[in-house]
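> sequence first, then the predicted structure, then my questions.
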Amino acid sequence: MRYLNILSTVVLTVSIISPVFANDFRLTSTDITEGDKLDTEFVFQGFGCDGGNTSPALAWENAPEGTKSFAVTVYDPDAPTGSGWWHWFAFNIPAEVSELQAGASLPDGAVALKNDYGATGFGGACPPPGEVHRYQFTVHALSTALEIDASVSNALAGFMVNANSIASSTITAVYAR
């Protein structure tokens, strides 16, 4: 019984302290702000939307020790698909990279998947008319470079990212038309 009490105390302590360390890892952007509406520059061109289809500038800091690579995703959980909508999924961004400029190409070694529009790379916001959707821009610090390629689905890549994520940070912006 004493062993279980000690184990419970250790588990509780780690679960309380861990978020403190994970919160040091932070995503920022000069282009998007938590809870604010996306500018037209970051809206898709097509599907009834008329935007610039440019990815916003993203920067992150305080990656945890042991970070071997990063993944960047943009996901719309409000899309009326039953499974959300992937606007961007990039992984194997080298550990020494800490930012992506607006509209920038990915660094050497990084892999971009097809978004749910069917194109490789970033695809901007484009919710159905009259709906407000959330766009979750997330960076994950990964404990490894992923051993998958651009042929995998966003779901499989998401599984691999979540299985190897040691910290993440998200900015959620909104858009309606």
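Received it, and whenever you're ready, just let me know what you need.

> make it CA atoms for all contacts and neighbour counts henceforth
Will do.

> P80 and K37, how far apart?
Going from P80 to K37 by Cα to Cα, to the nearest Å gives 20 Å.

> the two: which is more packed in?
K37 (17 against 11; other Cα atoms under 10 Å).

> got a list of what the more buried one touches?
Taking Cα atoms under 8 Å, 6 or more residues apart in numbering, we find K37 in contact with A173, V174, Y175.

> where's the residue nearest to T73 when sequence neighbours are not counted relative to F70, distance?
Nearest residue to T73, sequence neighbours excluded (Cα to Cα, 6 or more residues apart in numbering): F89, at 4.5 Å. Applying Cα to Cα, the value for F89 to F70 is 11 Å.

> same thing with S29?
To F70, S29 is 16 Å away according to Cα to Cα.

> then I32?
Distance from I32 to F70, by Cα to Cα: 20 Å.

> repeat for D50
Here D50 is placed at a distance of 31 Å from F70 (Cα to Cα).

> and the two? which has more neighbours close in?
Neighbours per residue, other Cα under 10 Å: of D50 and F70, the larger number sits with F70, 28 against 13.

> what lies in contact with the helix or strand that one falls within?
In this structure, F70 sits in strand 69-76 according to DSSP states H and E. The contact list for strand 69-76 (Cα under 8 Å, 6+ apart) reads 84-95, 133-145, 161.

> kindly report the same for stretch 50-67.
Contacts for stretch 50-67 (Cα under 8 Å, 6+ apart): 21-22, 24-32, 40-45, 95, 98-104, 122-124, 139, 141-144, 166-167.

> if you set the cut-off to 6 Å instead, what comes out?
Stretch 50-67 is contacted by residues 24-29, 31, 40-45, 98-103, 124, 141-143 when judged by Cα atoms under 6 Å, 6 or more residues apart in numbering.

> can you check stretch 134-147 too?
66-76, 92, 164-174.

> so which bits of that stretch are buried?
By neighbour count, with 16 or more other Cα atoms under 10 Å as the criterion, the buried positions of stretch 134-147 are 134-146.

> let's have those residues in a markdown table, adding pLDDT and distance to V152.
Output for the buried residues of stretch 134-147, formatted as a markdown table (pLDDT from 0 to 100; distance: Cα to Cα, whole Å):
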| residue | pLDDT | distance to V152 |
| --- | --- | --- |
| R134 | 98 | 25 |
| Y135 | 98 | 22 |
| Q136 | 98 | 21 |
| F137 | 98 | 20 |
| T138 | 98 | 19 |
| V139 | 98 | 19 |
| H140 | 98 | 18 |
| A141 | 98 | 20 |
| L142 | 98 | 18 |
| S143 | 98 | 20 |
| T144 | 98 | 17 |
| A145 | 98 | 15 |
| L146 | 98 | 11 |
